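Undergrad: Model the following, please.
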Amino acid sequence: MRILLIEDEHKLANAIKRALELQKYAVDVAYEGEDGLILAIGEEAYDLIISDIMLPGIDGIELCQKIRQEGIHTPVLMLTAKGQIQDKVAGLDGGADDYMVKPFSFDELFARVRALIRRPKGERDPVLSIGDLYLDPISFKVTRAGEPIELSTREFALVEYLMRNPNKVHSKEQLIAHVWDYDANVLPGTVEVHIKNIRDKLDTPFPNKLIHTVRGFGYEMRDKS
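TA: Predicted structure coming up:
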């Protein structure tokens, strides 16, 4: 899952980025409102936007309003040092979905991120499943037919994205956009290598294959049984 973080305090932004990456998210960072807006309304879609309110140039509330005016409904989590009720109201009225006051714990941030990413698709069991494959995005455990599967951070992110969007063909470019950082130099061949490694773990030992290649288009997670 891919997150856009807009925060002008470089030290804090880098700390949040590292923490979220350890939680298996791909994170792009912008340090100014204008740069954040360009990324938010660009061609690459995000699963969540985290934005500080006090930003150079366009502030977080104006940025959120402009995103909504563009018809983008990506969940937005506002971060700010302000705790007054009127600031919270202004942020939520501007189109934000949630609000956190600095300083905050990373555990609370992770919980809010998980809740917001789930929200657009409705309330559901946090454990994802397709056939006999189960993935828990909270504990990072993956099993198939009751057998534990060990995945790398990037492999886990790829499997989670495919499981959240089953029965759809995803191009290599789409997978790169959602699983790798914006500034990562990732070639389509890298996706092929990761998919092969995932298949070796998830599909090869089992009779029913879940990851399918649609030649010329991409990959699809589907249970044909």
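Undergrad: Which residues belonging to the helix or strand harbouring L116 are considered buried?
TA: L116 belongs to helix 106-118 when assigned by DSSP states H and E. With burial defined by 16 or more other CB atoms under 10 Å, the residues of helix 106-118 counted as buried are 109-110, 112-114, 116-118. Glycine gets a C-beta too; all of them are placed from N, C-alpha and C.
Undergrad: and if you look at stretch 19-36?
TA: Buried residues in stretch 19-36 (16+ other CB under 10 Å): 20, 23-33, 35-36.
Undergrad: residue ranges for the helices of the protein, please.
TA: Using DSSP state H, the helices of the chain run over 10-22, 33-40, 60-69, 85-93, 106-118, 153-164, 172-179, 188-202.
Undergrad: now those helices as JSON lines including mean pLDDT and distance to E220?
TA: Below are the helices of the chain laid out as JSON lines (pLDDT from 0 to 100; distance: least, CB to CB, whole Å):
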{"stretch": "helix 10-22", "mean pLDDT": "94", "distance to E220": "27"}
{"stretch": "helix 33-40", "mean pLDDT": "94", "distance to E220": "28"}
{"stretch": "helix 60-69", "mean pLDDT": "91", "distance to E220": "30"}
{"stretch": "helix 85-93", "mean pLDDT": "70", "distance to E220": "38"}
{"stretch": "helix 106-118", "mean pLDDT": "88", "distance to E220": "21"}
{"stretch": "helix 153-164", "mean pLDDT": "89", "distance to E220": "8"}
{"stretch": "helix 172-179", "mean pLDDT": "84", "distance to E220": "11"}
{"stretch": "helix 188-202", "mean pLDDT": "94", "distance to E220": "11"}
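Undergrad: which stretch among those helices comes nearest G216?
TA: Shortest distance between G216 and these, using CB to CB, is found for helix 172-179: 11.2 Å.
Undergrad: quick one, domains of the chain?
TA: According to automatic domain parsing, the chain is divided into the following domains: 2-121, 128-221.
Undergrad: Can you give the distance from the longest one to the centre of its chain?
TA: Going back to what we said before, that points to domain 2-121. 12 Å (CA atoms, centre = their mean, to the nearest Å).
Undergrad: What of stretch 148-156?
TA: Distance of stretch 148-156 from the chain centroid (CA atoms, centre = their mean) equals 16 Å.
Undergrad: same thing with stretch 201-216?
TA: From the chain centre to the centre of stretch 201-216 is a distance of 24 Å (CA atoms, centre = their mean).
Undergrad: And it, what's buried?
TA: Buried residues in stretch 201-216 (16+ other CB under 10 Å): 201-203, 209-211.
Undergrad: Which two among these are spaced furthest apart?
TA: Comparing the members of the buried residues of stretch 201-216, the greatest separation, given CB to CB, is between K201 and K209, at 12.6 Å.
Undergrad: which residues touch the closest residue to G131 other than its chain neighbours?
TA: Nearest residue to G131 in three dimensions, chain neighbours excluded: D223, at 3.8 Å (CB to CB, 6 or more residues apart in numbering). Contacts for D223 (CB atoms under 8 Å, 6 or more residues apart in numbering) come out as 130-131, 208, 210.
Undergrad: Equivalent analysis for G91, please.
TA: Shown in contact with G91 (CB under 8 Å, 6+ apart): 53, 60-61, 64, 78, 80, 99.
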